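A.B. asks: I'd like to go over a predicted model; first the sequence, then the structure.
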Amino acid sequence: MSSLLLAVALLWPLFVAGSTVWCAYQVPVHQREYVSMLWVSAAWPALLLAYVGEFQWTINAWMLGGYWELNALSRPWLAFTALLWSIAAFHARGYFASEQRQAQAGDANAQRRLQRLTLLWPLTLLGNILLIIAQDIASFYLGFALMTFAAYALVVHTGSPAAKLGANAYLVLAVIGEGLILGGFLWAAGTSDTLTLKGVRDTLATADHGAWMALLLWLGLGVKAGVVGLHVWLPLAHPVAPAPASAVLSGAMIKAGLLGWLTVLPLGMESLSPAITQFGNIVLVAGFAAAFGAALYGVWQSHPKAILAYSSISQMGMLTALVGVGLVVPEVWPTLLPGVILFAGHHALAKGALFMGTSISEHMPKWPPRLLFFLITLPGISLSGALAAGMFSKWGVKHALYEFEQERIILLLTWAAIGTAALITACVWRQWQQRHQGGSHTFQWGAWLVALFAALMTPLWLPLPEGSITAPPLKEWLGIVWPFPAGVVSVTLGILVLRRATLSAPPAGDLWWVYRPFATLGLGAARSVALLCERGRTASVALALKSERAVMGGLFRGLRAEAWMRQHGGGLMMALAVILALLLMWEGRQ
């Protein structure tokens with residue numbers, strides 16, 4: 001039964017993608033339903049698979065041999081990923097309703113955009129599902145690459161200059177990341193002659209150059225996870241992507257990098273080399289740098305989705321720091337891991353609800369505005385740890401750190417939560433400023449409400465091992481809750497102080513605009529070198545042709561001499577014979 005459901009979970013998105021192609025050629029334009037209920041159902045079998053139980057599949061006929069598994073890590077990951085994809089698809093049915101009407105009325109651009117999106121959406125989902133269940137290198141890399149490159153359509157959908165810039169930034173960083181991942185996997189696989197992710201993990205822990213292999217994989221996977229320095233695509237891509245696409249990009253796909261870290265890095269393994277421990281310190285510092293830097297930069301943004309992008313970078317920075325803790329203090333990891341999984345699942349649904357909420361504020365239904373914005377704010381309050389699932393999530397992490405006396409890490413996480421609260425406050429304030437009436441589709445606000453409820457109730461539906469979730473004791477509530485009002489107050493005071501100032505928002509993408517001139521110089525230098533090489537090639541070809549003509553001329557003259565020799569050879573031989581005879585006669589007389 002589980003094998004059949006696995007096959008359906010992987011083949012159903014392919015069938016959905018195929019149905020969009022069939023509709024494009026077989027269904028009249030005015031009857032074509034791009035975002036149909038069939039399309040919405042692409043993630044349903046995967047969601048059902050997550051709740052069947054833990055299983056293992058070995059498929060010898062698959063590439064180099066497939067080894068897939070649902071375990072204590074991949075089951076909850078598949079659950080929150082498939083649920084978010086399903087909710088986002090429902091949201092998309094309402095979000096694209098007006099664009100679908102334009103396409104059915106004969107708008108060729110709308111037809112092209114929707115055809116591209118509805119074809120590559122299920123393929124992106126398929127890659128996301130495959131990398132979660134994969135336990136062999138080839139399957140994981142195939143799923144990761146398929147998800148990465150198919151998602152280009154989710155960013156570039158509108159085709160505006162800003163969308164093309166965001167999509168190009170995403171694609172450039174994606175190519176860099178894929179190269180780093182491939183290099184890390186090949187190095188580890190070649191060192192230990194392994195084809196499984198577990199083998200890679202053991203190799204990183206024991207190999208002489210394991211820290212360098214780990215660095216390659218951490219950076220490559222970190223492009224998705226928003227590692228500081230490689231995060232620049234997020235604030236460029238999210239403001240231009242459709243809201244349902246932003247929901248899965250920031251909620252589900254960004255977690256693929258984190259899942260890769262949890263699977264291949266030697267987290268919780270004892271007797272690690274000093275180099276791996278030092279690498280763990282680097283991860284720890286980079287995580288908190290992203291957590292605080294993104295908060296400080298993001299609150300100044302004017303676009304709500306850009307602020308949410310920086311919020312994702314900040315939250316992923318906290319998770320990155322926790323990964324660093326698993327390398328530096330490995331004994332804490334078994335207790336910390338369930339809290340990290342709950343943190344990731346709660347962030348996925350909360351961030352999905354927040355991104356869907358931006359489309360609700362842009363097309364407000366006929367509800368009381370204060371009630372509507374109260375609901376829009378709830379996932380953000382929970383994300384900061386002050387409400388519902390957020391309290392369980394934060395306590396799950398802090399409880400493990402308390403047990404192993406990591407008070408400094410707890411303090412830094414608490415201050416980072418203030419940054420989360422500040423970003424959410426700034427985002428809702430910008431949404432209030434830029435709100436628009438006009439009503440939203442039933443599927444649009446209905447899916448948003450489901451995402452909101454799922455975010456607040458994450459511990460109730462996420463299939464974590466029994467006993468891994470504990471409620472925070474009453475005496476700890478204040479320590480978990482206080483960062484939210486502190487963040488709200490800090491942003492409110494900032495608004496009051498600077499309300500008359502004419503400060504312009506810093507550009508989204510931050511370091512992208514630093515990298516760009518250097519990249520331009522690098523491309524210019526590469527073109528100059530290419531031009532010199534071209535000139536050198538031209539000169540060498542000319543010299544070779546000249547030498548060839550000289551050699552061929554000599555050969556041609558030799559051939560002419562040969563022909564003359566053949567023509568006069570008989571006479572010359574007779575003359576030579578006569579000369580030899582005369583010489584012999586003269587010699588005889590002597």
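C.D. replies: Structure received.
A.B. asks: can I get stretch 261-280 as PDB, trimmed to CA atoms?
C.D. replies: Provided in PDB are the C-alpha atoms of stretch 261-280 (Å, rounded to 0.1, in the frame of the first residue of the first chain):
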ATOM      1  CA  TRP A 261      22.000  20.400   6.100                       C
ATOM      2  CA  LEU A 262      20.100  18.200   8.600                       C
ATOM      3  CA  THR A 263      20.700  15.200   6.400                       C
ATOM      4  CA  VAL A 264      24.300  15.400   5.300                       C
ATOM      5  CA  LEU A 265      26.100  17.400   8.000                       C
ATOM      6  CA  PRO A 266      27.500  15.400  10.900                       C
ATOM      7  CA  LEU A 267      25.100  17.000  13.500                       C
ATOM      8  CA  GLY A 268      25.100  15.300  16.900                       C
ATOM      9  CA  MET A 269      28.100  13.000  16.000                       C
ATOM     10  CA  GLU A 270      30.700  12.900  18.700                       C
ATOM     11  CA  SER A 271      34.500  13.000  18.400                       C
ATOM     12  CA  LEU A 272      34.400  15.400  15.500                       C
ATOM     13  CA  SER A 273      37.600  16.800  14.200                       C
ATOM     14  CA  PRO A 274      38.700  20.300  15.300                       C
ATOM     15  CA  ALA A 275      38.200  21.500  11.700                       C
ATOM     16  CA  ILE A 276      34.600  20.500  11.800                       C
ATOM     17  CA  THR A 277      34.100  22.200  15.200                       C
ATOM     18  CA  GLN A 278      35.700  25.300  13.800                       C
ATOM     19  CA  PHE A 279      33.400  25.100  10.800                       C
ATOM     20  CA  GLY A 280      30.400  24.800  13.200                       C
END
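A.B. asks: for the record, mean pLDDT for it?
C.D. replies: Here stretch 261-280 scores 92 as its mean pLDDT.
A.B. asks: any idea which helix or strand carries residue 258?
C.D. replies: Per DSSP states H and E: residue 258 is located in helix 254-264.
A.B. asks: now the element after that helix, going C-ward?
C.D. replies: On the C-terminal side of helix 254-264, the nearest following helix or strand under DSSP H and E is helix 274-298.
A.B. asks: the helix holding residue 258 to helix 274-298, inter-axis angle?
C.D. replies: Following axes from the mean of the first three to the mean of the last three CA atoms, to 10 degrees, one obtains 170 degrees for the angle between helix 254-264 and helix 274-298.
A.B. asks: ok now helix 254-264, how far from the chain's centre?
C.D. replies: Distance of helix 254-264 from the chain centroid (CA atoms, centre = their mean, to the nearest Å) equals 10 Å.
A.B. asks: what's it packed up against?
C.D. replies: Secondary-structure packing of helix 254-264 (3 or more CB pairs under 8 Å, 6 or more residues apart in numbering; DSSP states H and E): helix 74-95, helix 108-133, helix 137-150, helix 197-206, helix 210-225, helix 304-328, helix 333-362. Using the backbone N, CA and C atoms, a C-beta is placed for each residue, glycine as well.
A.B. asks: over the first one, what's the mean pLDDT, rounded is fine.
C.D. replies: Here the mean pLDDT over helix 74-95 is 96, rounded to a whole number.
A.B. asks: equivalent analysis for the third one, please.
C.D. replies: Mean pLDDT, helix 137-150: 95.
A.B. asks: just the CA coordinates for that helix, please, in CSV.
C.D. replies: These are the backbone C-alpha positions of helix 137-150, laid out as CSV (Å, rounded to 0.1, in the frame of the first residue of the first chain):
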residue,chain,number,x,y,z
ILE,A,137,22.8,11.3,-3.7
ALA,A,138,21.4,11.0,-7.2
SER,A,139,17.7,11.2,-6.2
PHE,A,140,18.3,14.1,-3.8
TYR,A,141,20.3,16.1,-6.4
LEU,A,142,17.8,15.4,-9.1
GLY,A,143,14.9,16.6,-6.9
PHE,A,144,16.8,19.6,-5.7
ALA,A,145,17.8,20.6,-9.3
LEU,A,146,14.3,20.0,-10.7
MET,A,147,12.8,22.2,-7.9
THR,A,148,15.4,24.9,-8.3
PHE,A,149,15.2,25.4,-12.1
ALA,A,150,11.4,24.8,-12.5
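A.B. asks: C-terminal to it, what's the next element?
C.D. replies: helix 152-155.
A.B. asks: quick check: residue 404 touching residue 331?
C.D. replies: Yes. Counting by CB atoms under 8 Å, residue 404 touches residue 331, with 6.5 Å between them.
A.B. asks: quick one: which of those two has more around it?
C.D. replies: Comparing residue 404 with residue 331 by other CB atoms under 10 Å, the one with more neighbours is residue 404, at 15 against 12.
A.B. asks: who touches the more buried one in this structure?
C.D. replies: By CB atoms under 8 Å, 6 or more residues apart in numbering, the residues touching residue 404 are 329, 331, 332, 335.
A.B. asks: at 10 Å instead, please
C.D. replies: Going by CB atoms under 10 Å, 6 or more residues apart in numbering, residue 404 touches 325, 329, 331, 332, 333, 335, 336.
A.B. asks: do the same with residue 361
C.D. replies: Contacts for residue 361 (CB under 10 Å, 6+ apart) come out as 304, 369, 372-373, 376, 427-428, 430-436, 440.
A.B. asks: any idea which element residue 472 lies in?
C.D. replies: Judged by DSSP H and E, residue 472 forms part of no helix or strand.
A.B. asks: now it: how far from residue 420?
C.D. replies: For residue 472, the distance to residue 420 (CB to CB, to the nearest Å) stands at 17 Å.
A.B. asks: the more surrounded of those two?
C.D. replies: Higher neighbour count among residue 472 and residue 420: residue 420, with 27 against 18, using other CB under 10 Å.
A.B. asks: grab the nearest non-local neighbour of that one.
C.D. replies: Once flanking residues are discounted, residue 420 sits nearest to residue 384: 4.6 Å by CB to CB, 6 or more residues apart in numbering.
A.B. asks: surely residue 486 meets residue 416?
C.D. replies: No. Contact between residue 486 and residue 416 fails when scored by CB atoms under 10 Å: they sit 11.9 Å apart.
A.B. asks: which one of these two has more residues nearby?
C.D. replies: The neighbour count for residue 486 versus residue 416, taken as other CB under 10 Å, is higher for residue 416 (23 against 17).
A.B. asks: right, and the more buried one touches residue 296 too?
C.D. replies: No. Distance between residue 416 and residue 296: 11.0 Å, which falls outside the contact criterion (CB under 10 Å).
A.B. asks: what's the pLDDT at residue 501?
C.D. replies: On pLDDT, residue 501 comes in at 66.
A.B. asks: typed the wrong thing, it's residue 71
C.D. replies: The model reports residue 71 with a pLDDT of 92.
A.B. asks: distance of it from residue 78?
C.D. replies: 10 Å.
A.B. asks: those two - which one has more neighbours?
C.D. replies: It is residue 78, of residue 71 and residue 78, that has more neighbours when counted by other CB under 10 Å, with 24 against 13.
A.B. asks: setting the sequence-adjacent residues aside, check what's closest to that one.
C.D. replies: Closest to residue 78 by CB to CB, 6+ apart is residue 50, at 4.1 Å.
A.B. asks: which residues touch the one you found?
C.D. replies: With CB under 10 Å, 6+ apart, residue 50 has these contacts: 9, 70, 74-83, 129, 132-133, 462-463.
A.B. asks: find residues that contact each of residue 71 and residue 78.
C.D. replies: In contact with both residue 71 and residue 78: residue 133, using CB under 10 Å, 6+ apart.
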